[in-house]
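**Q** sequence and predicted structure below; questions after.
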Number of protein chains: 2
Amino acid sequence: MTITPNWLDQRAFLTPDKEAIVLADGQSYTFKELQHDAKLYATHLKNQGFKQGDHIALLSSNCYEFAVVIHALHYIGAVAFLLNTRLTVNELAFQIEDGEVTGLIHHENYKEVADKLEQNQHIQLVSMNQTSSEVSYDLNQEFDLDQTSHILYTSGTTGNPKGVQLTYGNHYWSATASALNLGLHKDDRWLLNLPMFHVGGLSILYRSVIYGMPVHLHEKFHVEAVHRDIMERSVTIVSVVTVMLEQLMERLGKQQYPDTFRCMLLGGGPAPQTLVKKCQTKHVPVYQSYGMTETASQFSTLDKESMMSKIGSSGKVLFPGQLKIVENGKECGPNDVGEIIVTGPSVTKGYWKRPEANKEKFQNAWLKTGDMGYLDQDGFLYVVDRRKDLIISGGENIYPAEIESILSGLDGIKEVGVVGKEDVKWGQVPVAFIVRKNTTLSKEEISDYAEANLAKYKVPKDIYFIEQLPRNASKKLQRHKLLEVIGEEEK
Amino acid sequence: MTITPNWLDQRAFLTPDKEAIVLADGQSYTFKELQHDAKLYATHLKNQGFKQGDHIALLSSNCYEFAVVIHALHYIGAVAFLLNTRLTVNELAFQIEDGEVTGLIHHENYKEVADKLEQNQHIQLVSMNQTSSEVSYDLNQEFDLDQTSHILYTSGTTGNPKGVQLTYGNHYWSATASALNLGLHKDDRWLLNLPMFHVGGLSILYRSVIYGMPVHLHEKFHVEAVHRDIMERSVTIVSVVTVMLEQLMERLGKQQYPDTFRCMLLGGGPAPQTLVKKCQTKHVPVYQSYGMTETASQFSTLDKESMMSKIGSSGKVLFPGQLKIVENGKECGPNDVGEIIVTGPSVTKGYWKRPEANKEKFQNAWLKTGDMGYLDQDGFLYVVDRRKDLIISGGENIYPAEIESILSGLDGIKEVGVVGKEDVKWGQVPVAFIVRKNTTLSKEEISDYAEANLAKYKVPKDIYFIEQLPRNASKKLQRHKLLEVIGEEEK
C-alpha cells in the first residue's frame, strides 16, 4: 500500500500562489484558489449525501469547474466517471447503468440531457454551478495509490464500451514517467485543449498538480487561441492530434514559435510524413507519442531529435513501462508486425465488471492493446494500425494508416480515411474516403498517384469524396463510420 | 506489487550511448558500457555461487567499479550492504554478523581488512577486480519495488548501529521526488563526491540511471576537481555538505560559476548564516536540504528563491512525502520545537531485525526521526538539532547548532562544535570546540562575542581550541567525539 498526501493539498501547501489554471480569456486561478474551490464543492457533494466509494459521473466540456469537480471527487474519495459530451442519451444511460453510477454532476449546458437521464436512471443530479459556502467536513488528506480514482469508458468502435479502471497510482506513474521523458522546467506551461473527459486531457490536469505547473485550459481546440498562447503567453508544451497540428502549421505560416515553446506532444495516431516534414522546416519540436486510456495516456514517445530519422515512429517506451510485439503467442523479431502488448505501473488493473474481457485482454500483468505495430532494430515503435482496422485482402495484411499516410502526400488532398470493404474475390479490398482542398482533383488523379506509390493490392479499389471525416471527441478517425457512408451511397 | 523493468536495462535501451559515469580524470562510460560491465560482474557473482536474496557486503571507496557492483547485485537480486570504509574491523564484523552477510566484495585497497574479516566470519571474499568474460545467466529483467535492495547501517552516535532496509521503491520515489523539486533538464550532470556507501552518494547513482543523466564520479571531495568540473565540464548540480561548500566558496574567490551550474544541493545539517550570505553574494544557487538514510536521502528542500528570506531553513517537504512536528504525542503549532516525524513512499519500512527499535521509532507508517525542529507559519522546516544532541541546562533547551551558527560568524573562526558537558549546578552547560583560522584569536574575544549575541544560558562555559573537528565519512560533525576530547584534556 502506497500512501501520498492529497495532491492538491500538497501542491497548495508547496506553491500556494503559483498559477494552476489559466483560461483562454486570461483569467487565472492559483493552486490555493483551486484547492479552496475544490474543498467547497466537496462539501457541497457531502451535503448532497455523497460519500467515499460512490460512483459519480460528470457531464461537462472543458472549463475551470471541471477541474474543481475532479479534485472535489478526490476529496470525498468518490470514483469519477467522465462522460463524453458527444454521446447520445442512450449511450450515456448505458455507462450510468453499467457503472452503477448514483450521482450525475452536470454543467448547465447539459441540463436537458441530464434531465432525460434522470427520468430513466436512479441517479441524483447535481449542478456544477452551485457549491457550499464553507468547508464543513473532514476531507481526504491522503491518497491510497491502489484505489480507483476513475472509470473511463473506451470509445469502443465495436461492441459495448468498457469501463477502464484507473487508480491514483496509474496517474502518478504516468505523470512522473512523462516528466522523465520530456524533462521538467520551472517555467513550463502546458496547453490543454483535448477533452478532459478523455485521458489525454485529464492527464494534463494531474501533471499540473504533481509538477506545480500552470495549465492553459481551453474549452476546445481553437487554432487562433492556441497560436496566441504559444506566441504571447509563454506556453511551453501543447498536446495535439494530427488535425490540430495541420491547422496550427497553416496558421504559423512563415512565422516561428518563440524559443520558450519546447514540445508539441502529438498523439492519437501516426502523423503523415508530409506534416512531420513541414514541422521540421518550421523548427517545431514534435514529439510523436503513443498511449491509450488503459495506459493512463502517454506510454511511448519519440524525441524531437529522432523526429526525422525515425519518421512515423512513436518512439520508445517511457521509463517505468514495458512494451512488446507478439504474434501467435510469440515475441516478434525486429521489424515484424504483431500485436502491441504493454505492462507497467501506469497500466489499468482491468475493465470494470468485465471478467471475460479481462481474461481475454490480460496475460499475467500484460495488456493486449489490440493495436498492431513493430519495433525496429533500435527498439523504436511503429504503430501500423488497430487490429480491428486491419484489412486482409487475398491473404495480404493491409494497414489503412499506411495508405492514408501516402495519399495525404498528394497536393489537393486535405484528409484521407481508408477502410476495408467486403469483396467476393479478395475477401476485403481497401477503399478510400477523401476530403479535398481543391475540388478539381479527380478520382483518376488519385488512383494514378496511389498506383505510383503503393503495391497493387494496397491501391484503393474505390474512392469516395466526402465533406469531412467522422472523428470522435478526441479527433480520432472513426473508421467504422466510414463504412456507414458506403452503405448510404449504395442504397 | 509494483513491477518496473530493471532500471539499468531500461536506461541502456532508451539512451545507450549517453554518458553514464564520468571520472575525475575525464574517462567516461556510457549506459551501454555500464550495463555490459554490470552484467559481466553479475555473472561472476553467480559463478561464485551467489543467488537471489543473498546478503552481500561491499567494501570500497567511490570508483566506477562501485557503480558496476551495485547494478550487478540488482541483476542477481542480492541485498547490498554498503560498508563504511572508515570503520574498524570490529565495527565491520558487527554489521556482517548482524546482517547475516555471506559474501564480501572488496576493492584491492581493502584486502587486508577483508582478510581479517574472513578469519572470524563465515563470509566468502570476492574481489572487485575480477569479472566474467561473458554473460552466461538469465539476469533479473524486472524489479519488484517492494523488494529490499539495500541494508545500510546508520552511523549511530550511540548504541549499536541499526540496518536501515531500503527497497527499490524507496529509491525510485526518492529520485522522482527530487526531480519534481529540482526540475529535470536534458543537459543535467550531477557531481557525486559524497561516499557512495552512504545514501547521499548512493541516491545520485539512482538518479543517473532513472533520469538518464551523467554522474561525475569523484573518489572523494577535492576542492580543485569540483571547481574544475563546474567551471569547465558543465556540471549542473553538486551535492555537498557545509565544510565542502566553505572550501568551494574560498576557491571561487571573485570568480562566478557559469550559468550552466544550477544547483548546489546542501545536506548534512544547517549551514551557518555567514556561509549562506557569502553564497548569495557570489550568486551561487544553494538548495539547503534535509534527509537521512531512513528517507533514502533528500526529503525536504529549500528553493534557491527562499535562500535568503528563509535562511537556516531546510525548506518544504518533497511532493510525495509528509512531515510533522510532534511533542508529547501532539502535533506542534507553528514555530514550536518538537521531534520531526516523517512518512511517505521513500521512507524505510523498518530496521533489519530490530523489532524493539521499530516499535519505538514507528507509529503507524510514521517514523520518529530523532531530530528536533519546527515549522514556521509558512510550513518551512527548521531543523534545530538531533534530539540526542540537545543540551538541557537549568530546564532550558539549548540547541548546539544555534550556538555553532552564531560563533561561525566571528572572523578568525574556521569551524565550531558545541556540546553539553555535565554540570553540578545546571545539569548540563554548553562548551565550544573551536578551529581557528587565525591563531591570535583569544578565548576571551570569543566569549565576548558570544555574550553579545546569545542569551546568557547559551554562552559556552568553556572554550577549547582544537586542530580539527571529528567528522564521519559524510563529513557530519560527530559531537559525541568532542566529549572524548574533553576527557583527554582533563585527564
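**A** Cool, the structure landed.
**Q** pLDDT-wise, which helix or strand of chain A ranks last?
**A** helix A:479-490 (a mean of 72; mean pLDDT, DSSP states H and E).
**Q** please identify the buried residues of stretch A:401-420?
**A** Across stretch A:401-420, burial judged by 16 or more other CB atoms under 10 Å in any protein chain shown covers A:401-408, A:410, A:413, A:415-420. All C-beta spots, glycine's among them, are computed from the backbone N, C-alpha and C.
**Q** tell me the residues of chain A that contact chain B?
**A** Residues of chain A lying close to chain B by CB under 8 Å from any CB of the partner chain are A:2-5, A:10-11, A:13-14, A:169, A:172, A:176, A:179-180, A:183-186, A:210-212, A:316, A:319-322, A:343-345, A:365, A:379.
**Q** distance of A:Leu217 from A:Gly26?
**A** To A:Gly26, A:Leu217 is 12 Å away according to CB to CB, to the nearest Å.
**Q** of those two, who's got more company?
**A** It is A:Leu217, of A:Leu217 and A:Gly26, that has more neighbours when counted by other CB atoms under 10 Å in any protein chain shown, with 26 against 8.
**Q** so who does that one touch?
**A** If a contact means CB atoms under 8 Å, 6 or more residues apart in numbering or on different chains, then A:Leu217 has A:21-24, A:62-64, A:67, A:192 as its contacts.
**Q** max pairwise distance over these: which two?
**A** Farthest pair in these (CB to CB) is A:Ala24 and A:Ala67. Separation: 14.1 Å.
**Q** the more surrounded of the two?
**A** Neighbour totals were compared for A:Ala24 and A:Ala67, and A:Ala67 leads with 25 against 20 (other CB under 10 Å).
**Q** ok, that one touching A:Ile21?
**A** Yes. Counting by CB atoms under 8 Å, A:Ala67 touches A:Ile21, with 6.0 Å between them.
**Q** intersection of neighbour lists for those two?
**A** A:34, A:215, A:217.
**Q** need the contact list for the second one.
**A** In this structure, A:Val215 makes contact with A:20-22, A:67, A:189-192, A:204-205, A:207-208, judged by CB under 8 Å, 6+ apart.
**Q** in what helix or strand does the closest residue to chain B within the stretch 351-491 of chain A lie?
**A** Chain B sits closest to A:Gly379 of the stretch 351-491 of chain A, with a gap of 5.8 Å, by CB to the nearest CB. Assessed by DSSP states H and E, A:Gly379 sits outside every helix and strand.
**Q** so what does it look like in phi/psi?
**A** Geometry field for A:Gly379 lists phi and psi as phi 90, psi 10, criterion degrees, to the nearest 10.
**Q** quick one: it and B:Ser208, what's the gap?
**A** Distance from A:Gly379 to B:Ser208, counting by CB to CB: 21 Å.
**Q** with A:Gln256 instead?
**A** 35 Å.
**Q** what's the answer for A:Phe143, then?
**A** Applying CB to CB to A:Phe143 and B:Ser208 gives a distance of 29 Å.
**Q** hang on, the earlier thing: give the contact list for the residue of the stretch 351-491 of chain A closest to chain B.
**A** Residues in contact with A:Gly379 (CB under 8 Å, 6+ apart) are A:316, B:13.
**Q** how does chain A divide up, domain by domain?
**A** For chain A, automatic domain parsing gives the domain ranges A:3-375, A:391-489.
**Q** which of these sits most buried?
**A** domain A:3-375 (a mean of 20; mean count of other CB atoms under 10 Å in any protein chain shown).
**Q** and the spatially most central residue of chain A, which helix or strand is it part of?
**A** Chain A has A:Gly200 as the residue nearest its centroid, 3.6 Å off, counting by CA atoms, centre = their mean. Element membership for A:Gly200 (DSSP H and E) is helix A:199-211.
**Q** check which element follows that helix along the chain.
**A** Next in sequence after helix A:199-211, counting helices and strands by DSSP H and E, comes strand A:215-217.
**Q** looking at the contacts of A:Leu217, which are in strands?
**A** A:21-23, A:192 (DSSP state E).
**Q** show me where pLDDT drops low in the stretch 51-200 of chain A?
**A** Applying pLDDT under 70 to the stretch 51-200 of chain A flags the ranges A:155-159.
**Q** wait, A:Ser203 touches A:Tyr172, no?
**A** No. A:Ser203 lies out of contact with A:Tyr172 (CB under 8 Å); the separation is 10.9 Å.
**Q** what helix or strand is A:Ala93 located in?
**A** Applying DSSP H and E as the criterion places A:Ala93 in helix A:89-98.
**Q** so where's the stretch 251-400 of chain A uncertain?
**A** By pLDDT under 70, the low-scoring segments of the stretch 251-400 of chain A are A:270.
**Q** quick one: the helices in it?
**A** Using DSSP state H, counting those that start in this stretch, the helices of the stretch 251-400 of chain A run over A:273-281, A:355-361, A:400-407.
**Q** quick check: next helix or strand after the last one?
**A** Next in sequence after helix A:400-407, counting helices and strands by DSSP H and E, comes strand A:413-423.
**Q** quick one: mean pLDDT over that following strand.
**A** For strand A:413-423, mean pLDDT rounds to 90.
**Q** which residues touch it?
**A** So strand A:413-423 is contacted by A:243, A:389-393, A:398, A:400-401, A:403-404, A:407-408, A:428-437, A:441, A:446, A:460-462, A:468-470, A:477, A:479-480, A:482-483, A:486 (CB under 8 Å, 6+ apart).
**Q** got the angle for it vs helix A:273-281?
**A** 150 degrees (axes from the mean of the first three to the mean of the last three CA atoms, to 10 degrees).
**Q** chain center to the helix or strand following strand A:413-423: distance?
**A** For strand A:413-423, the succeeding helix or strand toward the C-terminus, using DSSP H and E, is strand A:427-436. Distance of strand A:427-436 from its chain centroid, counting by CA atoms, centre = their mean, to the nearest Å, is 25 Å.
**Q** all strands for the stretch 101-250 of chain A, in order.
**A** All strands of the stretch 101-250 of chain A, identified by DSSP state E, counting those that start in this stretch, fall at A:103-106, A:124-127, A:142-144, A:148-153, A:163-167, A:190-192, A:215-217, A:237-241.
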